[in-house]
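In: I would like to see how this sequence folds:
(one chain, ligands or ions: 2)
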Amino acid sequence: MNWDDTTDDAAGAAERLVGASADGEDQAVEAALRPKDLGEFIGQEKVREQLDLVLRAARARGATADHVLLSGAPGLGKTTLSMIIAAEMGAPIRITSGPAIQHAGDLAAILSSLQEGEVLFLDEIHRMSRPAEEMLYMAMEDFRVDVIVGKGPGATAIPLELPPFTLVGATTRAGLLPPPLRDRFGFTAHMEFYEPAELERVIHRSANLLDVAIDTEGAAEIAGRSRGTPRIANRLLRRVRDYAQVKADGVINREIAGAALSVYEVDARGLDRLDRAVLEALLKLFGGGPVGLSTLAVAVGEERETVEEVAEPFLVREGLLARTPRGRVGTPAAWAHLGLVPPRQGAGTGQQDLFGS
Ligand SMILES: Nc1ncnc2c1ncn2[C@@H]1O[C@H](COP(=O)(O)OP(=O)(O)OP(=O)(O)O)[C@@H](O)[C@H]1O
Ligand SMILES: [Mg+2]
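Out: Residues are numbered from 1 along each chain as shown. Ligands and ions are numbered 1, 2, ... in the order given. This is a model prediction of the structure:
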């Protein structure tokens, strides 16, 4: 991986071994690794329990399930859950995405061809066009759309009845959804990052499906580096499997997993080279900050956006870096993670103001 090629943040994020978005290889294997029903879906206890109730109740009434909004970071299982919802309801699923719907007419065509009870999965629902969004309001609430025929003064709206369907919307940015859209979902599931123990279960399950031998400690080692994200866990598992096949007898244990992931420069906490470069610059060159984002970006030879959007969110989430009004600051945990000793207090770094004694 060459970081010089990844100045575009989206591309950079997609190509990273610890990036949360799906790359080509992920897409190819994910279908095989997706849990098929709620019982197989690991973790997210609250969401599972609530969704189970919603679906059971709808089934008992012989009705179509209420519209469901799935919100959460990439790779946490939104697409997987949408397919599970359809499977649990015994309904077919139609898959599309916000960016694929350019015009309201595109949406009208999809809606009018739905069967009764069908699940319509609308991925990246926050990226839908305005007119399509407004058409969706009416479709969700009244199962009706107005199809506009003709142009100008002669244009007429022809109302079209739709069969009841379940809309499953997915978004990584729930905050960007207009309230009228959010309010039309009967149930919103907020997906959280996974605990290491849950990721271990994901890894054991995937290893089983991929016919890979792995022991408990090997799975724990990979889980700890997976950034709370099943997609990353599955991807790291595949890389470790390669290593185990080439360098060992194919069985993954703690030692093999650790060695493999250090070849790929994914450290014990799941930081990759870029993450560590940012932290190292912050601590070693700027004494832990505060330092401005642009200065930090120049110091690591990256674009501002790459540092801000690709590296920082995870560092902030891990409590290694703080964004303050005066700039970026390395936390005590960051010093500890890199095995460095923070400068003495009062050395002019301003850290004592932020972290107290
Ligand atoms: N709870 C889970 N149990 C087991 N595997 C899971 C779970 N959640 C996700 N996965 C696995 O992680 C991978 C990514 O999941 P999925 O595609 O559903 O994520 P997503 O939230 O839709 O991501 P994106 O925002 O990029 O669309 C899939 O291969 C899936 O098998
Ligand atoms: Mg998805």
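
In: interface residues of the stretch 1-150 of the chain facing ligand 2?
Out: Within reach of ligand 2 by C-beta under 5 Å from the ion, the stretch 1-150 of the chain has these residues: 78-79. Where C-beta positions appear, they are placed from N, C-alpha and C, glycine not excepted.

In: one more time with 6 Å, if that's ok
Out: 78-79, 123 (C-beta under 6 Å from the ion).

In: And the residues you listed, which is closest to residue 136?
Out: Among these, residue 123 lies closest to residue 136 (C-beta to C-beta), at 13.8 Å.

In: Near ligand 1, list only the ones from the residues of the stretch 1-150 of the chain next to ligand 2.
Out: Within the set of those, contact with ligand 1 (C-beta under 6 Å from any ligand atom) is found for 78-79.

In: how about the residues of the stretch 1-150 of the chain next to ligand 2 in JSON lines, adding neighbour count?
Out: Listed next are these as JSON lines, based on neighbours: other C-beta atoms under 10 Å:
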{"residue": "78", "neighbour count": "23"}
{"residue": "79", "neighbour count": "19"}
{"residue": "123", "neighbour count": "20"}
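
In: what's the closest of the residues of the stretch 1-150 of the chain next to ligand 2 to ligand 2?
Out: Nearest to ligand 2 among these: residue 79, at 3.2 Å, using C-beta to the ion.

In: Can you verify my assumption that that closest one contacts residue 97?
Out: No. Residue 79 is beyond contact range of residue 97, at 10.2 Å (criterion: C-beta atoms under 8 Å).

In: Name the residues contacting each of the two.
Out: residue 123 (C-beta atoms under 8 Å, 6 or more residues apart in numbering).

In: what residues does the stretch 201-350 of the chain put near ligand 1?
Out: Residues of the stretch 201-350 of the chain lying near ligand 1 (C-beta under 6 Å from any ligand atom): 202, 230-231, 234.

In: Let's see if you can find the most crowded of these.
Out: residue 230 (28 neighbours; other C-beta atoms under 10 Å).

In: where does the protein have low pLDDT?
Out: 1-14, 345-357 (pLDDT under 70).

In: Could you list the domains of it?
Out: The chain resolves into domains spanning 1-16+272-340, 44-190, 196-263 when parsed by automatic domain parsing.

In: Identify, out of these, the most deeply packed stretch.
Out: domain 196-263 (a mean of 20; mean count of other C-beta atoms under 10 Å).

In: Was I right to think residue 312 contacts residue 323?
Out: Yes. Counting by C-beta under 8 Å, residue 312 touches residue 323, with 7.3 Å between them.

In: about what we covered before: looking at the domains of the chain, which is closest to residue 25?
Out: Among the domains of the chain, domain 196-263 sits nearest to residue 25 (C-beta to C-beta), with 7.6 Å.

In: coming back round to it: show me which pair in the residues of the stretch 201-350 of the chain next to ligand 1 is furthest apart.
Out: The distance between the two most remote of those (C-beta to C-beta) is 9.5 Å, for 202 and 231.

In: if we can go back for a sec, what would the domains of the chain look like in CSV with distance to residue 34?
Out: Shown next, in CSV, are those (distance: least, C-beta to C-beta, whole Å):
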stretch, distance to residue 34
domain 1-16+272-340, 20
domain 44-190, 5
domain 196-263, 10
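
In: looking at those domains, which is closest to residue 29?
Out: domain 196-263 (7.2 Å).

In: can you give me the offset of the closest one from its chain's centre?
Out: Centroid separation for domain 196-263 versus its chain: 20 Å, with C-alpha atoms, centre = their mean, to the nearest Å.

In: quick one: terminal-to-terminal distance for that domain?
Out: Start-to-end span of domain 196-263 (C-alpha to C-alpha, to the nearest Å) is 22 Å.

In: does any part of that domain sit near ligand 2?
Out: No. Domain 196-263 lies out of reach of ligand 2 by C-beta under 6 Å from the ion, never closer than 9.1 Å.

In: distance of residue 342 from residue 286?
Out: Going from residue 342 to residue 286 by C-beta to C-beta, to the nearest Å gives 12 Å.

In: quick one: contacts of stretch 124-137?
Out: 69, 97-99, 101-104, 106-108, 111, 122, 145-146, 167, 169-174, 176-178, 180-181, 184.

In: Quickly check: it near ligand 1 or not.
Out: No. Against ligand 1, stretch 124-137 shows no contacts by C-beta under 6 Å from any ligand atom, the least distance being 7.8 Å.

In: How far off centre is that stretch?
Out: That offset, for stretch 124-137, works out to 21 Å (C-alpha atoms, centre = their mean).

In: Residue of the stretch 201-350 of the chain closest to ligand 2, please.
Out: residue 231 (9.1 Å).

In: So the residue nearest in space to the middle of the chain versus residue 227, what's the distance?
Out: Nearest residue to the geometric centre of the chain (C-alpha atoms, centre = their mean): residue 74, 1.2 Å. Going from residue 74 to residue 227 by C-beta to C-beta gives 11 Å.

In: now do residue 314
Out: Relative to residue 227, and taking C-beta to C-beta, residue 314 is found at 6 Å.

In: got it, and residue 331?
Out: 18 Å.

In: which residues of the stretch 201-350 of the chain fall in strands?
Out: Taking DSSP state E, counting those that start in this stretch to define them, one finds strands in the stretch 201-350 of the chain at 321-324, 327-330.
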